[in-house]
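Trainee: predicted model and sequence follow; I will ask about them next.
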Amino acid sequence: MPFTGAQLAGSALADSSWNDAVIKLGNSFGAIAGFLGILLVIFFVAGRATGRLGRPLAIAVFLGPAVLLLLVGLVAPLVRTIYLSFFSDDSSRFLGGKNYGWALTNDSIHQVLLNTLLWLVVAPLAATGLGLTLALLVDRMKGQAVYKSLIFMPMAISLVGASIIWKFVYDSRESSQSQIGLLSQTAIWLGWKHPPNWILSHPLNNFLLMAVMVWVQTGFAMVVLSAAIKAIPDEVTEAARLDGARGLRLFWYVTVPMIRTTLVVVLTTVMIVTLKAFDIVRTMTGGNFGTQVLANEMYSQSFVQFNVGRGSALAVILFLAVLPLVGYNIVQLRKERATR
Amino acid sequence: MNIRMSARLRNRLLVVPAVLGLALTGACSNSSGKGGNAASGAPTLSAECAKYQPYAGHAGTKVTMFASILSPESDSLERSWAEFSSCTGIKISYEGSNDFESQLPVRVSGGNVPDFAIIPQPGLLAQMVKTGKVAKPPAQTVSNENQWNPVWKTYGSVNGTFYAAPMSANMKSLVWYSPKAFKQAGYEVPKTWADLMALSDKIAKAGANGSKPWCGGIGSGTATGWPATDWLEEVVLGSQGGDVYDQWVSHKVKFSDPQITQAMQTVAGWMQNPAWVNGGIGDVKSIATTTFQDAGAPILTGKCWMLQQASFYEAQWPKGTKIASDGDIFAFPLPAVSPSVANPVEGGGEFLAAFSDRPEVQAVQNYLSTSDWASSRVKVATGWVSANQGVDKSLYTDPIDQLSANALTNPAATFRFDGSDLMPAAVGAGQEWKSLTAWFAEGKSIQQVASDIDGAWPQ
């Protein structure tokens, strides 16, 4: 029997065992991201509508369902998750900050937090940097459309698919002839007799996993940045050249400032996608061998080990960690709009 | 369609004479119980349906069942109760899901409760009972439990109350090997732990083509580490016996207790011995990155000789591999570490929990707890074993099924349920997997591993 909206809201108020379903929503970062997207669309529509109609009724009609949806789908789970993070795993005992204490003092969680931070800094910077370099290089080449298409192609592959492909590359079985991965084969060919087991080598394995993300994201960064570079008026570059700017100086004092907004947008977009490291980590190592990240640990605590309280605490931590990122992005977008 | 129809028909023809006798005794004992609830107005079933008389009177009803079993195994299940369904008119609507373990709690607390769930972990059963939505089984189901080793009843119970009847059983304590290769090399199947260790040493020293005695893999996606929990459980059970095992599983004996760390030492001397593993795959660390499905393959190429893995590993061998005592591949029971422990058998099983006590639900619950149903399932397809004493062992056509059934129903066996499935999920499906994986992958010390796992135990 399918739920109706009223039933959903009713049971949310009445049934305490509603918890689990709500946590499921609340803890799933994908749902939060999805709703943020819906939120943006609704604000856009509502903004235009109120601008034209400008009547309270219209506001209520347009915003009502959206607000209801937000309350049931986003605010309630969020509040519920925060509430649960202060309770024991069967939500029977109030624990105060004990779940947070656990998250902040546990060694393996330290590693998880460190890995997450590493992902958020290294992967986006690498993808954007590489994208920018390629954009500058490819721009001067003949047949650039071909190169761009090739570099952009990984973007069309799902992260799970990409992870599986790269798993073969990193495979380090020592014997059984052809089963050894491309990376080990190359290492041996270069004269490294016994290359390590890549997936096991911590912290190197984190960077090997990030390489998958970079591989997928670089094409996107390149295409967008290349368009931004193209949009720089020739006169500007010409003038700079006449003033004696060459090479790096030209790049640093003319190109970068001209594409700064695009650069920031690309960087934050890649960063948000990087939060989907979940797929890569889950597919390639399952979070083992010191590669766990926050989103995966949250899933494991909540839905594998049924440590609902701890999982919720991690969800809140992840939420707080993402907040500045989202805030920064909004500020940047506003700035961009203001300059237009 | 044709093939399925004829198979079903043939199945029916086979079932009738074999089960008729058993069904009569079933019907007799049933009359005393509330169980089948054959209402006074129930129609009389005749001919081949007569044996389902105790379950009659519910025509046109439907029960729903939710489990983790997927096709083709679930097809075999549905075929096993097809006749029951058509005779009694109770439709069993089955739904299998890969995400059963995480879906079930959500469905139960969200109000979308199935009539039945087939639960493979006693820990999950306990969690479901805690919600207060699991129905107590009818008297008939309870008395049908007499056909099982009493220890099974405790695994279907929570806080001493019996809730879920075991449906199937599997044997974990098996060692896979190649009878052909053993014969060629003149090796005997070891009967004691000492023999097993001596044989391993002998194979390692012979070391033909760089082959090693053991192969292993504990990779299993996000569940990586579980095969290592089996190795530890088998050694704990085989060296310390059932009582220590029970106390360990309930954390009265800690992982850091000398009895357990000593068992870990034994595991280290066996599956972390660089001279013994990891045949045809790599070094000790490669055990952590090799999936359990891939682990046994080098036995077929002579790169390794033995693999400790459960009875369900039979499905992993390539098509055309002859599995028999004189074939390409077969298995022997893992011997006890200490001679004082009689026939240690670590195993698993699935339990049928009901979330409703409607009469038709109880009828199905009763039927699925009988040896009649178990026999009917055995006949449908291989790869399924019941520890129900009432199942005729000659019905098993597959030698591994036979071997497992004999071990599981042996009254002298020291049977214990998979320990990590009994421990709280935070330990048995979390920290223990993680820490044992780190033990193999990073060479962490036994003390460190033990204290990490103890630390994850919920207070």
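Mentor: Alright, I've got the coordinates.
Trainee: leaving out sequence neighbours, find the closest residue to B:Ala363.
Mentor: B:Tyr55 (4.3 Å; C-beta to C-beta, 6 or more residues apart in numbering or on different chains). Every residue, glycine included, has its C-beta placed from N, CA and C.
Trainee: hang on, I meant A:Lys276
Mentor: Nearest non-adjacent residue to A:Lys276, counting by C-beta to C-beta, 6+ apart: A:Leu159, 6.1 Å away.
Trainee: need the contact list for that neighbour.
Mentor: Counting by C-beta atoms under 8 Å, 6 or more residues apart in numbering or on different chains, A:Leu159 touches A:Val212, A:Met213, A:Val216, A:Lys276, A:Asp279, A:Ile280, A:Thr283.
Trainee: could you list which residues are in contact with the closest residue to the third one other than its chain neighbours?
Mentor: With C-beta to C-beta, 6+ apart as the measure, A:Pro154 is the residue that lies nearest to A:Val216, at 4.8 Å, once sequence neighbours are left out. Applying C-beta under 8 Å, 6+ apart, we find A:Pro154 in contact with A:Ala162, A:Trp215, A:Val216, A:Thr218, A:Gly219.
Trainee: please tell me how far B:Asn170 sits from chain A.
Mentor: To chain A, B:Asn170 is 22 Å away according to C-beta to the nearest C-beta, to the nearest Å.
Trainee: and B:Asn273, how many neighbours?
Mentor: B:Asn273 has 17 neighbours, counted by other C-beta atoms under 10 Å in any protein chain shown.
Trainee: double-check that it belongs to a helix.
Mentor: No - membership of B:Asn273 in a helix is not supported by DSSP: H, G, I helix; E, B strand; the rest coil, which gives coil.
Trainee: what residues are up against it?
Mentor: Per C-beta under 8 Å, 6+ apart, neighbours of B:Asn273: B:Ser200, B:Val284.
Trainee: got the phi and psi for it?
Mentor: phi -80, psi 110 (degrees, to the nearest 10).
Trainee: in the sheet, who's paired with B:Thr64?
Mentor: B:Ser93 (DSSP bridges).
Trainee: which residues does it contact?
Mentor: Per C-beta under 8 Å, 6+ apart, neighbours of B:Thr64: B:Ser93, B:Tyr94, B:Glu95, B:Pro114, B:Asp115, B:Phe116.
Trainee: apply 7 Å and report the result again.
Mentor: B:Ser93, B:Glu95, B:Pro114, B:Asp115 (C-beta atoms under 7 Å, 6 or more residues apart in numbering or on different chains).
Trainee: tell me the one among those residues nearest to B:Leu199.
Mentor: Of all those, B:Leu199 sits closest to B:Glu95, with 46.5 Å by C-beta to C-beta.
Trainee: low-confidence ranges, the chain, go.
Mentor: All of this refers to chain A. Along chain A, the parts satisfying pLDDT under 70 run over A:1-37, A:39-40, A:42-58, A:174-179, A:336, A:339-340.
Trainee: not quite, go with chain B.
Mentor: In chain B, residues with pLDDT under 70: B:1-41.
Trainee: longest strand anywhere in it?
Mentor: strand B:344-354 (DSSP state E).
Trainee: put the alpha carbons of that strand into CSV.
Mentor: Presented in CSV, the C-alpha positions along strand B:344-354 are these (Å, rounded to 0.1, in the frame of the first residue of the first chain):
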residue,chain,number,x,y,z
PRO,B,344,33.6,-29.4,16.0
VAL,B,345,31.2,-28.0,13.4
GLU,B,346,30.8,-24.3,12.8
GLY,B,347,27.8,-23.6,10.7
GLY,B,348,25.1,-21.1,9.8
GLY,B,349,21.5,-21.3,9.0
GLU,B,350,18.3,-19.4,8.1
PHE,B,351,15.4,-18.8,10.4
LEU,B,352,11.8,-18.1,9.5
ALA,B,353,10.3,-15.3,11.5
ALA,B,354,6.6,-14.4,11.3
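Trainee: quick one: distance of that strand to the chain centre.
Mentor: Mean C-alpha position of strand B:344-354 versus that of the full chain (C-alpha atoms, centre = their mean, to the nearest Å) differs by 5 Å.
Trainee: same deal with stretch B:116-128?
Mentor: In terms of C-alpha atoms, centre = their mean, the centre of stretch B:116-128 is found 14 Å from the chain centre.
Trainee: end-to-end on that stretch?
Mentor: Using C-alpha to C-alpha, to the nearest Å, one end of stretch B:116-128 lies 12 Å from the other.
Trainee: what's the answer for stretch A:188-208, then?
Mentor: 18 Å.
Trainee: same check, this time on stretch B:218-237
Mentor: 20 Å.
Trainee: what about that stretch and chain A, touching?
Mentor: Yes - looking at stretch B:218-237 against chain A by C-beta under 7 Å from any C-beta of the partner chain, the contacts come from B:Gly221, B:Thr222, B:Thr224.
Trainee: measure B:Ala324 to B:Phe330 for me?
Mentor: For B:Ala324, the distance to B:Phe330 equals 6 Å [C-beta to C-beta, to the nearest Å].
Trainee: next, the closest residue to chain A within the stretch 51-200 of chain B: phi, psi?
Mentor: Nearest residue of the stretch 51-200 of chain B to chain A: B:Ser109, at 3.9 Å (C-beta to the nearest C-beta). Main-chain dihedrals, B:Ser109, degrees, to the nearest 10: phi -80, psi -20.
Trainee: A:Asp139: what's it in contact with?
Mentor: A:Asp139 touches A:Ser226, A:Ile229, counting by C-beta under 7 Å, 6+ apart.
Trainee: relative to A:Gly247, how far out is it?
Mentor: The value you get for A:Asp139 to A:Gly247, if C-beta to C-beta is used, is 15 Å.
Trainee: try A:Arg282
Mentor: 44 Å.
Trainee: these two: which has the busier surroundings?
Mentor: Legend: neighbour count by other C-beta under 10 Å for A:Arg282 and A:Gly247, higher for A:Arg282 (21 against 7).
Trainee: doesn't A:Val304 make contact with that one?
Mentor: No - distance between A:Arg282 and A:Val304: 11.4 Å, which falls outside the contact criterion (C-beta atoms under 7 Å).
Trainee: the closest residue to chain A within the stretch 301-450 of chain B: how many residues sit nearby?
Mentor: Nearest to chain A in the stretch 301-450 of chain B, going by C-beta to the nearest C-beta, is B:Gly430, at a distance of 3.9 Å. For B:Gly430, the count of nearby residues is 22 (other C-beta under 10 Å).
Trainee: over to A:Arg310?
Mentor: Residues near A:Arg310, counting by other C-beta under 10 Å: 29.
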